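Chemist: predicted coordinates and the sequence they were generated for:
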Amino acid sequence: MVTVDTEAMYAYFRILEDAKLVPADGVTREQAGIEEASDRIFVAYYSGQTREGGQAEPDRGMTFRFGNQDEAGNYYVETGGKLWLADQAAVDKLFEINPYELILKVMSVAFERNREDAPKIIQRYYAFDGTYASVRANGTEFFLVSREALASVQEKLRDEERAFGGNS
């Protein structure tokens with residue numbers, strides 16, 4: 001299962017918003033290079049989103065198809081059945097981003113208990129920022145831990161797994 005890093009996606013959407021689409025009147029798809037365009041971005045979103053929130057599952061989507069550049073360096077973009085020009089700097093930023101950076105990296109540790117009355121404990125560690133990871137135990141977020149300390153624990157767990165015949 002892959003989980004999207006919500007904050008990274010919002011940053012990506014802000015870059016897309018900065019592209020400031022303006023109509024490319026009088027230009028055909030062929031002139032814009034849209035027919036041969038291999039660069040596409042699909043954006044799935046929830047149409048009822050407000051500043052207060054929304055829902056996790058998208059209910060709409062749109063594809064941005066990128067074509068040639070005009071004489072000023074701006075990119076031709078097709079979306080919603082119309083041709084637009086998008087700011088070169090913003091589009092270049094969109095394509096510089098490695099999609100893997102938009103995936104939330106999660107470390108999960110399960111503690112199997114040897115008593116019937118003791119529940120299984122599943123701890124998950126999510127990136128919080130550059131310094132800390134958020135810790136959730138059985139779905140409840142409890143606290144932040146140092147990402148450096150977490151990396152050390154992760155390496156020790158891998159060493160233990162290898163010692164006992166694991167394959168990580």
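Modeler: Perfect, thanks for sending it.
Chemist: strands of the protein, start to end?
Modeler: With DSSP state E as the criterion, the chain has strands at 22-23, 39-45, 60-69, 75-79, 82-86, 106-111, 121-127, 132-137, 140-146.
Chemist: just give the number of residues close to residue 136.
Modeler: 16 (other C-beta atoms under 10 Å). C-betas here are computed from N, CA, C, even on glycine.
Chemist: that one bridge partners, please.
Modeler: residue 124, residue 141 (DSSP bridges).
Chemist: each with direction, which strands does the helix or strand bottoming out on mean pLDDT in the chain pair with?
Modeler: Least confident helix or strand of the chain, by mean pLDDT, DSSP states H and E, is strand 106-111 with a mean of 81. In the sheet, strand 106-111 lines up against strand 121-127 (antiparallel) (DSSP bridges).
Chemist: what's the average pLDDT for the strand it pairs with?
Modeler: Mean pLDDT, strand 121-127: 85.
Chemist: just checking, what packs against the longest helix along the chain?
Modeler: Counting by DSSP state H, the longest helix found in the chain is helix 147-163. When contacts are defined as 3 or more C-beta pairs under 8 Å, 6 or more residues apart in numbering; DSSP states H and E, helix 147-163 sits against strand 106-111, strand 132-137.
Chemist: distance from it to the middle of the chain?
Modeler: 26 Å (C-alpha atoms, centre = their mean, to the nearest Å).
Chemist: list the residues that contact residue 47.
Modeler: 59, 60 (C-beta atoms under 8 Å, 6 or more residues apart in numbering).
Chemist: from residue 96, how far off is it?
Modeler: 29 Å (C-beta to C-beta, to the nearest Å).
Chemist: got it, and residue 104?
Modeler: The spacing between residue 104 and residue 96, counted by C-beta to C-beta, is 20 Å.
Chemist: counting neighbours, go ahead and name the busier of those two.
Modeler: Per other C-beta under 10 Å, whichever of residue 104 and residue 96 has more neighbours is residue 104, with 14 against 8.
Chemist: tell me how far the more buried one lies from residue 42.
Modeler: Following C-beta to C-beta, the distance that separates residue 104 from residue 42 is 19 Å.
Chemist: and the protein, what are its domains?
Modeler: Domain ranges of the chain: 6-99, 106-163, per automatic domain parsing.
Chemist: and the shortest one, end to end?
Modeler: Translated: domain 106-163. End-to-end distance for domain 106-163: 23 Å, by C-alpha to C-alpha, to the nearest Å.
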